[in-house]
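> following is a predicted model, sequence given first.
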Amino acid sequence: MIADQHHSHIENDPEYTGLTVNQGIEPPPSVNEDSVKRFLKNKKKKTLSVVQYVEGILNGDITILSQAVTLVESSKPDHQEIAQEIILKCLPFSGNSVRIGITGVPGVGKSTFIEAMGKHITSKGEKLAVLAIDPSSERTKGSILGDKTRMEELSADPLAYIRPSPSAGSLGGVARKTREIIILCEAAGFSHIFIETVGVGQSETAVHSMVDFFLLLMLAGAGDELQGIKRGIMEMADAITINKADGNNIEKAGLARIQYQNALHLFPATESGWVPKVLTCSAYLKTGISEIWETINEYMLKTKANNYFQHRRNEQSKFWMYETINEQLRNDFYQNEVISEKLGEAEGKVLKEELSSFVAARKLLDLYDQIRKNN
Ligand code: GDP
């Protein structure tokens, strides 16, 4: 537009002797990039030191706890470095909570239940952190469990801290991060930790490996297949509660309770010596909630007395050490550029039966060894 004006302008006629109009220039950017960079740099400098994070967490400062959790969730190496230092310093102050896993298919009433149970817990003056492991969140970009607007009362409760699932990474990665977040929450004085997951896939095995008590929520009359609950998940449960036992569903819930109790009797005896219980509740009406609370307390007393509690925690610590090693080794291997190039080739040869699966794997592992030795 400026150029057109330039040509058509009377003042630019060679005959014209008055003032000429110069061609316009692009306006300068309204934001001074240098000052933005300086601002961000200064802002960055204001991030807390490891000691400040740890102090804040130990003082139960939720804002600082949240910031530290964000560092744990971050995949940036410098964030991870700080996060690991914070975790290490919080570790001696961790462990003093009841860790409860809660699972069940979408719609069973997990959020409603957590709200009801959560309020029950905080009404006793206990602090509760609600975490989630939701491996679907990465795929769908919208976490089912992240949508905690339904837990309105609990969200506003100063004794409760609700954190949606870390979204990035593999299930193993998300689970490891959640375990680290448990440490931070415990150091911040949370006496109860809920870890929620959708009971449809692998994630409950991961949750089971980080909790003291595993609660399965079910519905009456929906049939196991419909509920997508595998036998293995039922076997992991320390208690099953049939939710939505209200209105004209009460009777059905009572029948389901007997059926599940009978089914559980057929399972092998548990290592803990605890006989899994089946209960009914209405998360909506907040009935049957105190019975579940009592069951959890009973379980804790029993397993602490017979040492199973500590045994399970020790086993979990070992498990997570090996899991972390395995994950790191796997990632290093698959993320290696040379290896990832050769993988497709090896796959092709295996499919054409030019190499056996084992020989192909061996060759790749040997190559990886070689690469590492050369570095
Ligand atoms: P989630 O997907 O497992 O977290 O389930 P929600 O907590 O979101 O509950 C799913 C639906 O079931 C919602 O409409 C709830 O209001 C309803 N609901 C949850 N608990 C109960 C209950 O105890 N009784 C009845 N009648 N409805 C419930």
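Happy to help now that I have it. Numbering: from 1, shown residues only.

> I'd say residue 236 and residue 204 touch.
Yes. Counting by Cβ atoms under 8 Å, residue 204 is a contact partner of residue 236 at 6.7 Å. For glycine as for every other residue, the C-beta is placed from the backbone atoms N, C-alpha and C.

> what is in contact with the two at once?
residue 214 (Cβ atoms under 8 Å, 6 or more residues apart in numbering).

> looking at these two, which is more packed in?
Higher neighbour count among residue 236 and residue 204: residue 204, with 27 against 20, using other Cβ atoms under 10 Å.

> and that one, what pLDDT?
Residue 204 is assigned 79 on the pLDDT scale.

> with the one 5 residues further on instead?
Model confidence at residue 209, expressed as pLDDT, equals 89.

> what parts of the stretch 251-375 of the chain come near the ligand?
Along the stretch 251-375 of the chain, the residues adjacent to the ligand under the rule Cβ under 6 Å from any ligand atom are 282, 283, 284.

> and of those, the nearest to residue 155?
Among those, residue 283 lies closest to residue 155 (Cβ to Cβ), at 16.1 Å.

> so that closest one makes contact with residue 107?
No. Contact criterion Cβ under 8 Å: residue 283 and residue 107 do not qualify, at 12.0 Å.

> more neighbours, those two?
Neighbour totals were compared for residue 283 and residue 107, and residue 283 leads with 24 against 10 (other Cβ under 10 Å).

> which parts of the stretch 1-150 of the chain are strands?
Ranges of strands within the stretch 1-150 of the chain are 98-104, 128-133, based on DSSP state E, counting those that start in this stretch.

> adjacent strands (with direction) for the longest one?
Spelled out, that is strand 98-104. strand 192-198 (parallel), strand 213-219 (parallel) (DSSP bridges).

> tell me which of those sits most buried.
strand 192-198 (a mean of 26; mean count of other Cβ atoms under 10 Å).

> contact partners of that one?
97-106, 110, 114, 117-118, 121, 126-134, 136, 144-145, 178, 182, 185-186, 203-204, 206-207, 210-211.

> of all the strands paired with strand 98-104, which one is nearest residue 332?
Nearest of the strands paired with strand 98-104 (Cβ to Cβ): strand 192-198, 27.7 Å.

> who's in contact with the spatially closest residue to residue 361 that is not a sequence neighbour?
Nearest non-adjacent residue to residue 361, counting by Cβ to Cβ, 6 or more residues apart in numbering: residue 346, 8.0 Å away. Taking Cβ under 8 Å, 6+ apart, we find residue 346 in contact with 355, 360, 361, 363, 364.

> do the same with residue 62
161, 188.

> quick check, pLDDT for it.
On the pLDDT scale, residue 62 gets 95.
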